[in-house]
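Participant: A predicted structure for the sequence below; I have some questions about it.
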Number of protein chains: 2
Amino acid sequence: MQIALDAMGGDLGPQELIKGALLALEQDDLRITLVGDEGVLQDLLQSASASQTLLERLDIVHAQTVVDMDENPVDAIRKKKDSSIMLAFDLVKSGQASAAVSAGNSGATLAAGVRKLGRLKNVARPGLASAFPTLKGPVMIMDIGANVECRPLHLYQFGVMASAFSKLYNVTNPRVGLLTIGEESGKGNTLIKEAYNLLQRSSLNFIGNVEGRDVFQGDVDVVVCDGFVGNIVLKISEGLAEATIKMLREEILKSKLAKLGYLLARPAFDNFRKRVDYAEYGGALLLGIKGIGIVCHGKSSALAIKNAIIGAVEMERLKLNDDIARELAEGIDGVAEGI
Amino acid sequence: MQIALDAMGGDLGPQELIKGALLALEQDDLRITLVGDEGVLQDLLQSASASQTLLERLDIVHAQTVVDMDENPVDAIRKKKDSSIMLAFDLVKSGQASAAVSAGNSGATLAAGVRKLGRLKNVARPGLASAFPTLKGPVMIMDIGANVECRPLHLYQFGVMASAFSKLYNVTNPRVGLLTIGEESGKGNTLIKEAYNLLQRSSLNFIGNVEGRDVFQGDVDVVVCDGFVGNIVLKISEGLAEATIKMLREEILKSKLAKLGYLLARPAFDNFRKRVDYAEYGGALLLGIKGIGIVCHGKSSALAIKNAIIGAVEMERLKLNDDIARELAEGIDGVAEGI
């Protein structure tokens, strides 16, 4: 299997991305195509301390340009057809790679994936799904930012796609919840009320409405929401986790005894951090396209890149897109496209 | 000054509420009317260990019924006109109290406040505002659940009302941000884009769009959003904070050394917990009504109730409603009601 990695995107630069690629090659039997500036990549590979057998499973495809992190996504993919992210999806389109992985400009990755590969049959709107840590197993949230305005049908389809995604984590018969502001079926805005009806009539394992505080308890496997709400949930969670750790550190640094205590408890803190580290979850899946696209956090470490690549491999092996297409082809009795 | 306390609402029962009332009486020169079952309240007061001078500043108004925590709010306030929460707002309406405070059914408190007292002049939609801890000072978020479907004008007015609220925390010229999913002005859904234009034309100190991760950094004083998004932010934050503490505890309990370390660092943890404890913030303000209403968390401790009562007193002293009415009377040039 061949995975295309946008080797230029991301805040930490090509070196970190190559490190992630090498980690993935160590773990799994696959090949990786690095897409980016050939000169830069060759230099980095020559100075990399990797075995020849690993390096032999790395290919390079030259890309003339890079989409900058703060560039307008739609403009960028129109103007920069020879950028690393566009060429990575070209490889998927031509069948030379099974998946494209990028830690670059998220909007451009999303737009490039949808534009180059097109929508899976019956998918109204591709979207982004991400796994979050909870007290028990991970929870898949979809959509986390691709679609800011949704119709009820989109939310139902997010449920279908994220349910397929949860197979990656060995969840069978995933429990699907609709994110809203009260548990009773009447709670929420118009979109939520209509989506509730659709989800209830679907063949998904729909457990009803869930509230924000349920998300991290681990009693729901898939949480459905529109991309506006989902992106806010994502960013609020990141921001709160960051602020929590900062505040805790500030308090600990105020006292010598607390500092000593912290040193003793440090392995527990490290385990905790590992448990909630987004790097362990390897990026968001762009679901609903004819192929596989993975959108990594701009700050992705080598570990996050490795996990994203392995996730892409698993997604291909498990044929998640076939599951999605099959489920959507069945549809819901009496429900038309326009909803 | 007289404050009406719904002495029956809340998960912890009348005893905790009375404790909170006594704490408030100790701290500030005010009187409190306990509204609830007279027999129950008299019994509790007789067994309370409070000085006679405090008890003299407590009055009781008998209420026949209580709105249950899970009762439908609209039905409840229609059927239970003699419930503690309805009578508490009756006292405000008749001028016998300046504010009503309740830790009971939030929806019923909201509905009772709006129904009994009516909207302040020029307010299109009353809403709920709450203060959250950040790395620096608190941030006021509005609306956190009263209005699930909003028009741009409502968001602008939430900005006005929450700006007035921030005076309670001695913030002058509060920085107002619009919660969305990207910092540039074009980011977000239709509601956000239109609200952005309104806020920019207003006399508020509008600093533009803010993202979820900015909320807890302390660089914005007022965050504006619709009640659907705001309630999800509130519940996600509560749920994540709870899950974080549980996960950390699980990791610490796995090792003896970590447990010892935790004991040493405990005061720092306690300080941290105090810093983020919602009880310190004393409940959500029901803003936009002709009077003062405070909606406390169902699980409110005596400390939270005390802080809510003191907040109500301050709100009356600072005449926040006058500020709101004045600002809204000026309005925004060329903007009509219907937006």
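Facilitator: Now that the structure is in, tell me what you want to look at.

Participant: distance of the most centrally placed residue in chain A from B:Leu87?
Facilitator: Central residue of chain A (Cα atoms, centre = their mean): A:Ala284, 0.5 Å from the mean position. The gap separating A:Ala284 from B:Leu87 is 51 Å, by Cβ to Cβ, to the nearest Å. In short, each C-beta sits where N, CA and C put it, glycine included.

Participant: One more: A:Ile85?
Facilitator: When Cβ to Cβ is the yardstick, A:Ile85 and B:Leu87 sit 63 Å from each other.

Participant: When these two are compared, which one has more neighbours?
Facilitator: Each of A:Ile85 and B:Leu87 has its neighbours counted (other Cβ atoms under 10 Å in any protein chain shown); A:Ile85 has more, 33 against 24.

Participant: which helices and strands sit right next to the one helix or strand the more buried one maps to?
Facilitator: Take DSSP states H and E as the rule and A:Ile85 turns out to sit in helix A:84-93. Helix A:84-93 sits against strand A:2-6, strand A:31-36, strand A:99-102, helix A:106-117, strand A:292-295, with contacts defined as 3 or more Cβ pairs under 8 Å, 6 or more residues apart in numbering or on different chains; DSSP states H and E.

Participant: Indicate which one of those is closest to chain B.
Facilitator: When those are ranked by distance to chain B, counting by Cβ to the nearest Cβ, first place goes to helix A:106-117 at 8.7 Å.

Participant: now the angle between strand A:2-6 and the closest one, please.
Facilitator: 140 degrees (axes from the mean of the first three to the mean of the last three Cα atoms, to 10 degrees).

Participant: CA atoms only: put helix A:106-117 into PDB for me.
Facilitator: What follows is helix A:106-117, C-alpha atoms only, in PDB (Å, rounded to 0.1, in the frame of the first residue of the first chain):
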ATOM      1  CA  SER A 106      -6.700  22.500   6.800                       C
ATOM      2  CA  GLY A 107      -9.100  24.300   4.600                       C
ATOM      3  CA  ALA A 108      -7.000  23.700   1.500                       C
ATOM      4  CA  THR A 109      -6.600  20.000   2.300                       C
ATOM      5  CA  LEU A 110     -10.300  19.700   2.600                       C
ATOM      6  CA  ALA A 111     -11.000  21.600  -0.600                       C
ATOM      7  CA  ALA A 112      -8.300  19.800  -2.500                       C
ATOM      8  CA  GLY A 113      -9.600  16.400  -1.400                       C
ATOM      9  CA  VAL A 114     -13.200  17.200  -2.300                       C
ATOM     10  CA  ARG A 115     -12.300  18.900  -5.600                       C
ATOM     11  CA  LYS A 116      -9.800  16.200  -6.800                       C
ATOM     12  CA  LEU A 117     -11.500  13.100  -5.700                       C
END
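
Participant: Rounded mean pLDDT for the longest helix along chain A, please.
Facilitator: Under DSSP state H, the helix in chain A containing the largest number of residues is helix A:227-253. Per-residue pLDDT values across helix A:227-253 average out to 89.

Participant: Check stretch A:256-263 too.
Facilitator: Across stretch A:256-263, the average pLDDT comes to 89.

Participant: For it, could you pull out the residues that count as buried?
Facilitator: Residues of stretch A:256-263 classed as buried by neighbour count (16 or more other Cβ atoms under 10 Å in any protein chain shown): A:Ala258, A:Gly261, A:Tyr262.

Participant: Next, the distance between the ends of stretch A:77-96.
Facilitator: Stretch A:77-96 has an end-to-end distance of 21 Å (Cα to Cα, to the nearest Å).

Participant: which residues does the nearest residue to A:Ser98 once chain neighbours are set aside contact?
Facilitator: Of all residues beyond its chain neighbours, the one nearest A:Ser98 is A:Glu316 (4.5 Å), with distances taken as Cβ to Cβ, 6 or more residues apart in numbering or on different chains. Under the criterion of Cβ atoms under 8 Å, 6 or more residues apart in numbering or on different chains, the contact partners of A:Glu316 comprise A:Met1, A:Ser98, A:Ala99, A:Ile292.

Participant: hmm, back to that, okay, buried residues for the helix holding A:Ile85 please.
Facilitator: A:Ser84, A:Ile85, A:Met86, A:Leu87, A:Ala88, A:Phe89, A:Asp90, A:Leu91, A:Val92.

Participant: What parts of the stretch 51-200 of chain A come near chain B?
Facilitator: With Cβ under 8 Å from any Cβ of the partner chain as the criterion, the stretch 51-200 of chain A comes near chain B at residues A:Pro133, A:Thr134, A:Leu135, A:Gly145, A:Val148, A:Glu149, A:Leu179, A:Thr180, A:Ile181, A:Gly188, A:Asn189, A:Thr190.
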